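1. Turn this into a model:
(chains A, B, C and D)
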2 protein chains.
Amino acid sequence: MLPLSQTTGYALRAMRCLQEPGGQPVLVESVADYTGIPRSYLSKLVHKLAKKGLVTARRGHHGGVVLAKPSAEITLEDLSEAIDGVAWRKRCLMGLAGCTEETPCVLHEYWKQTLQEILVRLRSVTLADMARHQDPGVERFRADHGFLATAEAERNHAPV
Amino acid sequence: MLPLSQTTGYALRAMRCLQEPGGQPVLVESVADYTGIPRSYLSKLVHKLAKKGLVTARRGHHGGVVLAKPSAEITLEDLSEAIDGVAWRKRCLMGLAGCTEETPCVLHEYWKQTLQEILVRLRSVTLADMARHQDPGVERFRADHGFLATAEAERNHAPV
DNA sequence: TCGTTAGATTACCGACGGATCCTCATTGAT
DNA sequence: ATCAATGAGGATCCGTCGGTAATCTAACGA
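-> As a prediction, this is how the structure comes out:
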């Protein structure tokens, strides 16, 4: 019932491979090969992210996918929301249809606070935060796809 | 990927209808009628809870279901674990098979702490806590099923 | 012992998410 | 204008989960 499906994990892995807005597009196929995410599935996933305004995809020669906004402005919550939606935030923990703010169930307040804590956590991590970690695999991939100017920027931050 | 499925909600609603250990058994059918949970499905659910040692079920005349331990010792975590298992606690957020304590992924620590926070919350609520709330519906149900001695005990506590 | 009461067990169905394959549509280079 | 590159989209498969129904079996009372 809570968010963060397997597909959200895919989204995380895929987004790490993309360039900042205005950068060079990366092929869905390259990302699929590198991450091991099924190509066709990743294609649909990317489309979903595009509809939510998180990435921009262009078809044809020299097409590919780029971030639609700076990685520092893309949170884990954004991804979760794009993939899994927000329905889970509204569902009653006990599954009672009549549970509302006015007619709360026994666990209403408890659950509301729990969800709030989770949301705060999801908002506290951005793609840029993730890039600050050493990750030889991703750095190799980036080097192969035109990420030549990012290495320095990553050194100016502490780990998440 | 996270726990707390619809079925866990069912378990919560069902357990609230049961007596403390040694008390009078309540019929699966009664609970189903009152909660609206499908009878057959609830039967399987109860069996699962019985295998985990949370309830005791007896067949035949004057059979039914009772809590297997005091409601104050049954946490939301117990229910979640009985129904949804614990696999979700071990899964990597990014879905990386090779992510371990020794070879952690970029989000490993972040996710570990998040899960810890959630677990603490799940452990902080017991069935007894839930009973402390006013709930005319459940109290009516209890009155109809031999819960004559519990009303006083419930008055000695603050809400959750 | 026999029958009734109740939970246990089995088989099965439908919906949904993850996943795959194949084809369509768009873009840019020539 | 044409062709190849590349994302978009439809059809379909598979496994899991919620849900139903029919049957089996243990416990008790008459």
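2. Now the residue nearest in space to the middle of chain A: which helix or strand?
-> Nearest residue to the geometric centre of chain A (Cα atoms, centre = their mean): A:Leu79, 3.4 Å. In this assignment (DSSP states H and E), A:Leu79 forms part of helix A:76-84.
3. Only the buried residues of whichever helix or strand comes after that helix, if you could.
-> Following helix A:76-84 in sequence order, the next helix or strand is helix A:108-123 (DSSP H and E). By neighbour count on 16 or more other Cβ atoms under 10 Å in any protein chain shown, the buried set for helix A:108-123 is A:His108, A:Tyr110, A:Trp111, A:Thr114, A:Leu115, A:Ile118, A:Arg121, A:Leu122. Every C-beta, even on glycine, is put in place using the N, C-alpha and C of the backbone.
4. ok, these vs A:Gly9, which is closest?
-> For those, the residue nearest A:Gly9 by Cβ to Cβ is A:Leu122; the value is 13.6 Å.
5. what's the closest non-adjacent residue to the closest one?
-> A:Glu77 (3.9 Å; Cβ to Cβ, 6 or more residues apart in numbering or on different chains).
6. what does A:Leu127 give?
-> A:Ser71 (3.8 Å).
7. returning to what we had before: do you know how far the residue nearest to A:Leu122 is from DNA strand D?
-> Remark: distance between A:Glu77 and DNA strand D (Cβ to the nearest atom of the strand, to the nearest Å) = 23 Å.
8. First-to-last residue distance for stretch A:60-74?
-> With Cα to Cα, to the nearest Å as the measure, stretch A:60-74 spans 26 Å from end to end.
9. Please state the offset of it from the chain centre?
-> Here stretch A:60-74 is found 13 Å from its chain centre; the criterion is Cα atoms, centre = their mean, to the nearest Å.
10. got a list of contacts for that stretch?
-> With contact meaning Cβ atoms under 8 Å, 6 or more residues apart in numbering or on different chains, stretch A:60-74 is reached by A:15, A:18-28, A:31, A:46, A:50, A:53-58, A:126-128, A:131.
11. repeat that with 6 Å
-> A:18-21, A:23, A:25-27, A:46, A:53-57, A:126-128 (Cβ atoms under 6 Å, 6 or more residues apart in numbering or on different chains).
12. same for DNA strand D: which of those are within range?
-> A:Pro25, A:Leu27, A:Val46, A:Ala57 (Cβ under 7 Å from any atom of the strand).
13. In a helix, the last one, correct?
-> The one in question is A:Ala57. No - A:Ala57 is assigned strand when assessed by DSSP: H, G, I helix; E, B strand; the rest coil, not a helix.
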